[in-house]
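K.L.:
Mind folding the following:
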Amino acid sequence: MAARRRPAAAVPLPPSDEVRRYLEHLRVERRLAPTTLASVGAALARLESAAAAHPVALREVQTHHIRRWAAQLHGEGAAPRSVAIVLSAWRGLYRWWGREGGVAMNPADGVRAPKAARPLPKALAVDQAVGLAEHRQPGADPRLEARDRCIVELLYGCGLRVAELVGLDAAPGAAARGWIDRAEAEAQVLGKGSKRRGVPIGAAALAALDAWLAQRSTMVRADEPALFVTRTGTRLSASQVRGRLKARALQAGLPTHVHPHMLRHSYASHLLQSSGDLRAVQE
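P.N.:
Take a look at the predicted model:
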């Protein structure tokens, strides 16, 4: 199949008097950098070419013209950010022209560039996630090792958000945001919108949880209900979890920056791969 050919670029027209005056205003009064000025000039040259091809005078350009020309620009392969830059230059010309009394309305107002596609969150491979959980740092405090492994197992094995994880208490209570029900192998968490849900805990996560609970009693303060605590026995924060996870991934030799939401996405991706049931994974 032949490669798709880009449309030939239109030959730029000499700038009109109004455009020259506006560019001079930007250069002298706004003191724009030469590269920025060149970018604005190129965008306005495109506007004048589009108006001449329609044909319509610059003073008579309407919003539907601007929308059409922006769509054409995107259709020619311009990225959403590039379209946004061009629209900003057009909007600036008409705003200035309106202050000068040249036009009654700004046809570029309200016209937005197409939204950029959001990149999919990264996910670890299954062996990387397992390696992260099972990593052992020689000479490390065994209590912290047990805690950090349990953190990884709950983030990855249960798909918890980091806020849900650090909000867990070791046992249910009147003030608890979330807790572990060991008998039911379930974590009760308070998610977005203050919605409570039960999350099943798998065998690997349960084993890591039991190992951590055996160590937790040697670290926690008597009045601290939190499941995960620091060296000083107080509740672990979300930022501390992120730091511990990042350090553990580096020690384990993972080739990417690992953060809690990556483990949540990895959980969903691997569950979908094994089940193929998108609706069940979403629920």
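K.L.:
Verify the contact between Met262 and Ala123 for me.
P.N.:
Yes. Between Met262 and Ala123 there is a contact at 6.8 Å, judged by Cβ atoms under 8 Å. C-beta here means a position set from N, CA and C on the backbone, and glycine is covered the same way.
K.L.:
any shared contact partners between the two?
P.N.:
Here Met262 and Ala123 share no contacting residue, scored by Cβ atoms under 8 Å, 6 or more residues apart in numbering.
K.L.:
Excluding chain neighbours, what is closest to Ala252?
P.N.:
Ranked by Cβ to Cβ, 6 or more residues apart in numbering and with sequence neighbours excluded, the top spatial neighbour of Ala252 is His135, at 4.0 Å.
K.L.:
Enumerate every residue touching the one you found.
P.N.:
So His135 contacts 248, 251-252 (Cβ under 8 Å, 6+ apart).
K.L.:
By neighbours, which of the residues you listed wins?
P.N.:
The most crowded member of the contacts of His135 is Arg248, carrying 21 neighbours; neighbours defined as other Cβ atoms under 10 Å.
K.L.:
Can you check the pLDDT for it?
P.N.:
pLDDT, Arg248: 91.
K.L.:
Work out for me the element it sits within.
P.N.:
helix 238-251 (DSSP states H and E).
K.L.:
Could you do Gln188 as well?
P.N.:
strand 186-190.
K.L.:
re the thing from before, ok, residues contacting the helix holding Arg248?
P.N.:
Against helix 238-251 from outside (Cβ under 8 Å, 6+ apart): 132, 135, 137, 148, 151-152, 155, 162-163, 165-166, 228, 230, 256-260, 263.
K.L.:
Which positions in it come out as buried?
P.N.:
By neighbour count on 16 or more other Cβ atoms under 10 Å, the buried set for helix 238-251 is 241, 244-245, 248-249.
K.L.:
now that helix, how far from the centre of its chain.
P.N.:
Distance of helix 238-251 from its chain centroid, counting by Cα atoms, centre = their mean, to the nearest Å, is 19 Å.
K.L.:
and the angle from whatever helix or strand comes next after that helix to helix 238-251?
P.N.:
As assigned by DSSP H and E, the chain's next helix or strand after helix 238-251 is helix 260-275. Relative orientation of helix 260-275 versus helix 238-251 (axes from the mean of the first three to the mean of the last three Cα atoms, to 10 degrees): 70 degrees.
K.L.:
I'd like the average pLDDT over helix 260-275.
P.N.:
Mean predicted lDDT for helix 260-275 stands at 76.
K.L.:
who touches it?
P.N.:
121-124, 126, 129, 152, 155-162, 165, 238, 241-242, 245, 278, 281.
K.L.:
Now with 7 Å, please.
P.N.:
Residues outside helix 260-275 that contact it (Cβ atoms under 7 Å, 6 or more residues apart in numbering): 121-124, 126, 129, 152, 155-156, 159-162, 241-242, 245, 278, 281.
K.L.:
just to revisit the earlier point, buried ones among the contacts of helix 238-251?
P.N.:
Neighbour counting with 16+ other Cβ under 10 Å marks 132, 135, 148, 151-152, 155, 162-163, 165-166, 228, 230, 258-260, 263 as buried within the contacts of helix 238-251.
K.L.:
confidence score at Arg99?
P.N.:
Arg99 carries a pLDDT value of 90.
K.L.:
next one: Pro225
P.N.:
At Pro225 the predicted local distance difference test score is 93.
K.L.:
Is it in contact with Asp169, as I believe?
P.N.:
Yes. Taking Cβ atoms under 7 Å as the definition, Pro225 is a contact partner of Asp169 at 4.2 Å.
K.L.:
what do the two both touch?
P.N.:
Common neighbours of Pro225 and Asp169, using Cβ under 7 Å, 6+ apart, are Ala176.
K.L.:
Any regions of the chain where pLDDT drops low?
P.N.:
Scanning the chain for pLDDT under 70 picks out 1-14, 117-121, 272-283.
K.L.:
so where do the helices sit in the chain?
P.N.:
17-28, 34-53, 63-75, 80-99, 126-134, 142-158, 162-166, 203-216, 238-251, 260-275, 278-282 (DSSP state H).
K.L.:
between the ones you listed, which gets nearest to Arg182?
P.N.:
Across the helices of the chain, Arg182 has its closest neighbour in helix 203-216 (7.3 Å, Cβ to Cβ).
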